[in-house]
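Q: test case, fold it:
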Amino acid sequence: MTAMRMSALGLICLLVLACAGSSPPRQSGTSGTSDASGTSPLSLYANSLPASKPVGAVTTHTVITDDGRTRSYRLFVPAQLPTPAPLLVALHGGLGSGAQFARSSGFDALATANGGVVAYPDGVGRAADGSGGARTWNGGRCCGAAAAQEVDDVAFLRLLVADIERTHAVDPHRVYATGHSNGGIMALRLACEAADLFVAVGVQSAALEIPDCAPSTPVSVLQIHGTADTNIPIDGGRGSGLAGVAFSPPRQAAETFAARQACSLDPTVTTWAEHPDVRLTQWAGCAGTASVSFIEVAGAAHAWMGQPPHPDLDASSAIWSFLTGHPR
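A: Numbering: from 1, shown residues only. Alright, predicted model coming up:
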């Protein structure tokens, strides 16, 4: 694989290591071998072009939610854009920000190469009006002030998409969400409660933290998780961060979506020949055109994947490829 360098991220993440930096997305061929389940060779980046230097406009916008909060988001629009264009809503981790996640994920570079608008909203801070640092999302039981104040982040993100649609031709069949850690937990909640709007969701280092998940329409879901993640342990339980939550086992989210969408009971498993630490579990035969996948990365920790100490999987390219490969 070849890698483009990104500037180092100096933000210290105390809640869930949400702000760990990453190099921009990389691209690779993906020959693989199947395990005993007999699946096809692994191809994680097949639906995306290699990342390129970001070229486009960056602007900051605000929307006012029904609870009176003024919420902000960073918007990247490439210079070359198809009409209508896909929209990716990218959610930072706990204690992060939209601008931070833009740097650590490198989604602007993928949007430039592949054509797509990317919005990076900010979570709420500790203050009653949502200002202040330590921004978090209300993903259910996690995390921070957003969960404690029962902030309606689902409503906010619906408003955000509507705000973008007023000024840009967004393809309603290609509205996607992604997120890291607390942002990934929020994105999984969107898949449960806003599947009518978000057609596919891809996350890293996240678990499903709401008591009931009943998508109103089929939605595709990809999860990526490292076996050495101590913030959100792959087997569930209380993490090493400050979230103070005994997390559900991350894989339980994929199993929930597979069950809710009548996917096959027996998923197929593929190990990547080039990087045998990467294993893909897929549930087929889901309702509509939905797909559910879980990527387990042996030895990977909580930081956004795609840089040392675990460069074998480029999370941004894998998520972009999965999402854009699952329009509705």
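
Q: how near is Ala146 to Gln252?
A: 22 Å (C-beta to C-beta, to the nearest Å). Backbone N, C-alpha and C define where each C-beta goes, glycine included.

Q: can you pick out the residue with more neighbours from those two?
A: Ala146 (26 against 13; other C-beta atoms under 10 Å).

Q: show me what contacts that one?
A: Ala146 makes contacts with Gly123, Val124, Thr136, Trp137, Asn138, Gly139, Asp153, as judged by C-beta atoms under 8 Å, 6 or more residues apart in numbering.

Q: a markdown table for these, including distance to Ala259 and neighbour count?
A: Output for these, formatted as a markdown table (distance: C-beta to C-beta, whole Å; neighbours: other C-beta atoms under 10 Å):
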| residue | distance to Ala259 | neighbour count |
| --- | --- | --- |
| Gly123 | 29 | 31 |
| Val124 | 32 | 26 |
| Thr136 | 29 | 33 |
| Trp137 | 25 | 34 |
| Asn138 | 24 | 27 |
| Gly139 | 20 | 31 |
| Asp153 | 25 | 24 |
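
Q: for the residues you listed, which one is nearest Val245?
A: Gly139 (9.7 Å; C-beta to C-beta).

Q: and the nearest residue to that closest one once chain neighbours are set aside, backbone torsions?
A: Nearest non-adjacent residue to Gly139, counting by C-beta to C-beta, 6 or more residues apart in numbering: Ile185, 3.3 Å away. Ile185 adopts backbone torsions of phi -60, psi -40, taken as degrees, to the nearest 10.

Q: tell me which residues touch Ile185, please.
A: Ile185 touches Trp137, Gly139, Gly140, Cys142, Cys143, Gly179, Val203, Ala206, Ala207, Leu208, Glu209, counting by C-beta under 8 Å, 6+ apart.

Q: who wins on neighbours among those residues?
A: Going by other C-beta under 10 Å, Trp137 tops those with 34 neighbours.

Q: do a quick rundown of the strands in the stretch 51-200 of the chain.
A: Taking DSSP state E, counting those that start in this stretch to define them, one finds strands in the stretch 51-200 of the chain at 56-64, 70-78, 85-91, 117-121, 170-180, 200-204.

Q: partner strands of the third one, with direction?
A: Applying DSSP bridges to the sheet, strand 85-91 is found paired with strand 117-121 (parallel), strand 170-180 (parallel).

Q: go ahead and confirm Arg158 touches Asp196.
A: No. Using C-beta atoms under 8 Å, Arg158 is not in contact with Asp196; the gap is 9.5 Å.
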